[in-house]
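Chemist: Build me a model from this:
(chains A and B)
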There are 2 protein chains.
Amino acid sequence: MVSWNNLDTLKAFHELEQTKGDVVLKDVMAGEAGGERVKKYQMPMAEGLTYSYAAKKVNDDILEKMVALAKEAQLVEKYALLYNGEIINTGEKRHVLHQLTRGQLGDVVMADGVNKREFYLAQQMKIAEFAKKVHFGEIVNEAGEKFNTVVQIGIGGSDLGPRAIYLALENWARTNNTLKMEAKFVSNVDPDDIVGVLRGVDLAHALFIVVSKSGTTLETLTNEAFVKDALAKAGLDASKHMLAVTSETSPMAKNEGYLAAFFMDDYIGGRYSTASAVGGAILSLAFGPDIFARFLNGMAAEDKMATNPDPLQNPEMLAALISVYERNVLGYPTTAILPYSQALCRFPAHLQQAGMESNGKHVNRFGEPVNYATGEILWGEPGTNGQHSFFQLLHQGTDIVPLQFIGFRDSQNGVDVEVKGSTSQTKLCANVAAQIVALACGKDDENPNKCFVGERPSSIIVGQQLNPEALGALLSHYENKFMFQGFLWNINSFDQEGVQLGKVLATRVLAHDTDGALKAYSDMLNI
Amino acid sequence: MVSWNNLDTLKAFHELEQTKGDVVLKDVMAGEAGGERVKKYQMPMAEGLTYSYAAKKVNDDILEKMVALAKEAQLVEKYALLYNGEIINTGEKRHVLHQLTRGQLGDVVMADGVNKREFYLAQQMKIAEFAKKVHFGEIVNEAGEKFNTVVQIGIGGSDLGPRAIYLALENWARTNNTLKMEAKFVSNVDPDDIVGVLRGVDLAHALFIVVSKSGTTLETLTNEAFVKDALAKAGLDASKHMLAVTSETSPMAKNEGYLAAFFMDDYIGGRYSTASAVGGAILSLAFGPDIFARFLNGMAAEDKMATNPDPLQNPEMLAALISVYERNVLGYPTTAILPYSQALCRFPAHLQQAGMESNGKHVNRFGEPVNYATGEILWGEPGTNGQHSFFQLLHQGTDIVPLQFIGFRDSQNGVDVEVKGSTSQTKLCANVAAQIVALACGKDDENPNKCFVGERPSSIIVGQQLNPEALGALLSHYENKFMFQGFLWNINSFDQEGVQLGKVLATRVLAHDTDGALKAYSDMLNI
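Modeler: Predicted coordinates:
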């Protein structure tokens, strides 16, 4: 029997609170013992990745208490409830089924009268067939010519994840000759966004995917109208260029205005929808369905890792425990995600959404205010770029920011140059290794301005190469980590009531139904 | 006589500390009085911009104390020292002269035996002439053909600012027929960055600008080598395609490998170098020197605004005072910059560097540790995108994040579509107005999960359109704000000792001179 309790009611949490200050990184990371610690405090992930937490403020005692906390909070049991189809999203009274888009970890889940794994798989197959027909020139434009570009029109979850994944694999795909179509993305209701994107698109050879679960997302419908206008002005038939990704009950579902429609449903939150038709359509069209399937395999493999009841063999669970420890025991309000891989340039922005929208909550899953901090602020940029930017503050600022590095031994493209005795890829890797140690251990100096206090904790995920499987495992790692964090905080990570008020007030502004401050701001903006 | 004192030694600061909790946003922003407050708590900036701070936690009493703090901290006097050429960067014993790249606010500043304003202006003119020759086809490639693309190779300050500004004006320039050349940027030492960028570049018609003040930045030299390799393989003469932006004393300065060299110097920090040759070369080539000059005019105009001794007529000074109040009195560790303009998509990343590298310091300007928080963590993404991402946490998370909105009444391109009775641009503006009020005022609900606590402070800068002048004013606003923050914290905002240790350790890794933890991480990464 699973019970849902606030973090601050758990015995193991209070025991963890007693450990604050127990680990001094510059001590434990020093000398040969530091080397041994690095070798010991790591564990395998799926697809050849390794999760290393040696530079986090843990020791055997703290890890033991984290294991106890995982057990007391029943993390594996709660995960099992989720993938077995329990109504985990209690606020909206919905299943949480994004894992079923890439595998079946537990029971058959029936909802809306269908086997949900089969439903998602059927959509994936339908997309795969459609994509192959486009690639083989069986589905063509009005002039009988092949499409060469696909444009995603969506916002939030319909944009950030698919965009981050596309960018992560674009160059890999070019190198491996699997880039079938170039992909572009439009999200903002700012007309300058779509005007800019359309400038670079050959409309006659472009497919547009309109992505909205409800079929009512105002930004997306507005951008859709923009595209239809542009197609009409170019003398093109919009219905031969537009695809829909939506739920079966939305106004976009059975609509002759679309060449095809692919479905997801209410059991997949936007921020977890990359593995569904939301990411599937554009990624299958861009890279081919086989590449998308490999990405899903990576996700499924890491989803499975996350079922391990032992946090020391479960990277997602341990990462969540460490994050909660950093947030609620050590008191760090933000975390930076720093991939040493240019291909992951928008991966932090996607995780910012996935994490902050999931866990930025002030009430527990029963709607009661919590007395502790929940979701942290997530941000980040790729290295080595960040080293020439905000790393000054990471090293010498007055606040400590826990860090999550990501690195790969090999580049995606295999092309390199040797300068001063080392390749670019080696320099990249050398920098991330150096940063971890510099941040943890610091350095004394008689000039205080050149002094590094150290004690900046970090983890790193290391892989051989950023390929579809590794990328899938990486994304699943974070999705499952956010889920475990939510379980620890006893919040509902799967609703987003916080986005509603802004929508309501924006509607009032557009209806000129305003007074007071709202009217004054509307006037200032000439609305 | 100016004296440099720590923030916590200032009487006015302690008086401000007493005001914590005095302002309840949902009270002061309510009803007709809220509307009056919005009209009152704003001030003009240069170039038709308006700075509005009505949704910040201030009242007349707090503002009066802020005025006293500005006076006690001698903010205008310190700014005057800076632009009159005092050695403000005491750590490195250097002048701080980035303002001279766009205007002359005070005394003639002589350094290295020359009038520095004249030196920067001469570089600007030299770049302008060069750019015109490229645009008019007087400087051409080996085959006598015009160049059509310019690629910036730089990192940190040589990348983020110029890139953000290019992206901010790219579509504006296309609409106004002033885009002369397409610009691209390479920064990361990750070889996948340059491989990806070079895939989209027609080498024969491309100019490459190598930007490194010292001429020794390893990432940049590595990427330069990469480009030279690529040019050689394509049978092209690198010296006909490569430009240098560097200091006159660097190894890149007098080097026949470059078609031309343009100079900056040690008195301009990388993060403040967009207005110098670092940004000037690429922006003048991309948009034409006249557009770059208009951008500089906007900067100069706002620089001048920042000299006003009255914080209530000085947007940069008041913004700095409010930020320090939020950081050191209200205790908020991060700030988000949220432009409601897709063109400003990378502006927050540039400001993240400029702010965090400037003010992420743990010692005061005399090298003594400070007992208060300094530079905040800066992050942000454009709206409305963010509304479908991390805004959940902004509205309902357990932490408060002060916000800085930016919005424009008109789009850059003037092309729009009307859906459900309003244009995209109107929807964009309606959303930012709605968010300010929703975040400040919140909303009660009997369901706590639908309850918004409010009390989330924000400011907004509103302009008519994002054009070169407005963009210049906007960038100057932030640069000067960071400077005033640094004066209040009594730190040196113009050095960056915190980046050194990582460099030293990376060099050791590359030399295989490692042991312990550093060796273990090196092994993990296969170095």
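Chemist: Show residues contacting stretch A:217-230.
Modeler: A:151, A:153-155, A:158, A:186-189, A:191, A:193-194, A:198, A:203, A:208, A:210-212, A:238, A:241-242, B:384, B:388, B:417, B:419-420, B:424, B:427 (C-beta atoms under 8 Å, 6 or more residues apart in numbering or on different chains). Yep, even glycine has a C-beta here, placed from its N, CA and C like the rest.
Chemist: wait, doesn't residue A:76 sit right on residue A:311?
Modeler: No - in this structure residue A:76 lies outside contact range of residue A:311 using C-beta atoms under 8 Å: 9.3 Å.
Chemist: which residues are common contacts for the two?
Modeler: A:70, A:317.
Chemist: neighbour-wise, which of those two wins?
Modeler: Between residue A:76 and residue A:311, counted using other C-beta atoms under 10 Å in any protein chain shown, the more crowded position is residue A:311 (25 against 20).
Chemist: any idea how far residue A:372 is from the more buried one?
Modeler: According to C-beta to C-beta, to the nearest Å, residue A:311 and residue A:372 sit 20 Å apart.
Chemist: likewise residue A:358?
Modeler: Residue A:358 is 17 Å from residue A:372, by C-beta to C-beta.
Chemist: So between these two, which is more surrounded?
Modeler: Taking neighbours as other C-beta under 10 Å, residue A:358 and residue A:372 compare with residue A:358 leading, 26 against 14.
Chemist: Enumerate the positions of the helix or strand residue A:292 falls within that are buried.
Modeler: Secondary structure assignment for residue A:292, by DSSP states H and E: helix A:289-305. Across helix A:289-305, burial judged by 16 or more other C-beta atoms under 10 Å in any protein chain shown covers A:289, A:291-303, A:305.
Chemist: ok, these vs residue A:483, which is closest?
Modeler: Nearest to residue A:483 among those, counting by C-beta to C-beta, is residue A:303 at 10.4 Å.
Chemist: Contacts only, for the closest one.
Modeler: A:83, A:99, A:102-103, A:105, A:476, A:480.
Chemist: Could you pick out the buried ones from these?
Modeler: Among the contacts of residue A:303, the ones that count as buried (16+ other C-beta under 10 Å) are A:83, A:99, A:102-103, A:105, A:476, A:480.
Chemist: so residue A:399 sits right up against residue B:372, yeah?
Modeler: No - judged on C-beta under 8 Å, residue A:399 makes no contact with residue B:372 at a distance of 11.4 Å.
Chemist: Would you check that residue A:388 makes contact with residue B:155?
Modeler: Yes - applying C-beta under 8 Å as the test, residue A:388 and residue B:155 come out as touching, 4.8 Å apart.
Chemist: who in the stretch 51-200 of chain A is up against chain B?
Modeler: Within the stretch 51-200 of chain A, the residues that sit near chain B (C-beta under 8 Å from any C-beta of the partner chain) are A:52, A:54-55, A:91, A:155-157, A:159-160, A:170-171, A:174-175, A:187-196, A:199.
Chemist: Let's see that with 6 Å instead.
Modeler: A:91, A:155-156, A:171, A:187-193, A:195-196 (C-beta under 6 Å from any C-beta of the partner chain).
Chemist: what's the closest of those to chain B?
Modeler: Taking C-beta to the nearest C-beta as the measure, chain B lies nearest residue A:156 of those, at 2.6 Å.
Chemist: Tell me if I'm right that residue A:192 and residue B:411 touch.
Modeler: Yes - counting by C-beta atoms under 6 Å, residue B:411 is a contact partner of residue A:192 at 5.1 Å.
Chemist: Okay, residue A:94 and chain B: tell me how far apart.
Modeler: Distance, residue A:94 to chain B, by C-beta to the nearest C-beta, to the nearest Å: 14 Å.
Chemist: right, I mislabeled it, should have said residue A:255
Modeler: Distance from residue A:255 to chain B, by C-beta to the nearest C-beta: 16 Å.
Chemist: Give me the neighbour count for that residue.
Modeler: That count, for residue A:255 with other C-beta under 10 Å as the rule, works out to 15.
Chemist: For it, which non-adjacent residue is spatially closest?
Modeler: residue A:244 (6.7 Å; C-beta to C-beta, 6 or more residues apart in numbering or on different chains).
Chemist: which residues does the residue nearest to residue A:73 when sequence neighbours are not counted contact?
Modeler: Of all residues not flanking residue A:73 in the chain, residue A:488 sits nearest, at 5.5 Å (C-beta to C-beta, 6+ apart). For residue A:488, the contacting residues are A:7, A:73, A:324, by C-beta atoms under 6 Å, 6 or more residues apart in numbering or on different chains.
Chemist: what sits against the residue nearest to residue A:255?
Modeler: Residues near residue A:244 by C-beta under 6 Å, 6+ apart: A:210, A:252, A:258, A:261.
Chemist: re the thing from before, sitting in strands, which of the contacts of stretch A:217-230 do you find?
Modeler: A:151, A:153, A:186, A:208, A:210-211, A:242, B:419 (DSSP state E).
Chemist: By neighbour count, which of the residues you listed wins?
Modeler: residue A:211 (31 neighbours).
Chemist: Which helix or which strand is home to the closest residue to residue A:524 other than its chain neighbours?
Modeler: Among residues not flanking residue A:524 along the chain, residue B:462 sits closest, at 5.4 Å (C-beta to C-beta, 6+ apart). Using DSSP H and E, residue B:462 falls within strand B:458-463.
Chemist: what helices or strands is that strand leaning on?
Modeler: strand B:50-52, strand B:403-408 (3 or more C-beta pairs under 6 Å, 6 or more residues apart in numbering or on different chains; DSSP states H and E).
Chemist: if you compare those, which one is most tucked away?
Modeler: strand B:403-408 (a mean of 26; mean count of other C-beta atoms under 10 Å in any protein chain shown).
Chemist: That one vs strand B:458-463, what angle?
Modeler: Counting by axes from the mean of the first three to the mean of the last three C-alpha atoms, to 10 degrees, strand B:403-408 lies at 20 degrees to strand B:458-463.
Chemist: So what touches strand B:403-408?
Modeler: B:336-341, B:432, B:458-463, B:465-466.
Chemist: Give me the mean pLDDT for it.
Modeler: Averaged across strand B:403-408, the pLDDT comes to 98.
Chemist: Ok, stretch A:476-495 next?
Modeler: On average, stretch A:476-495 scores 98.
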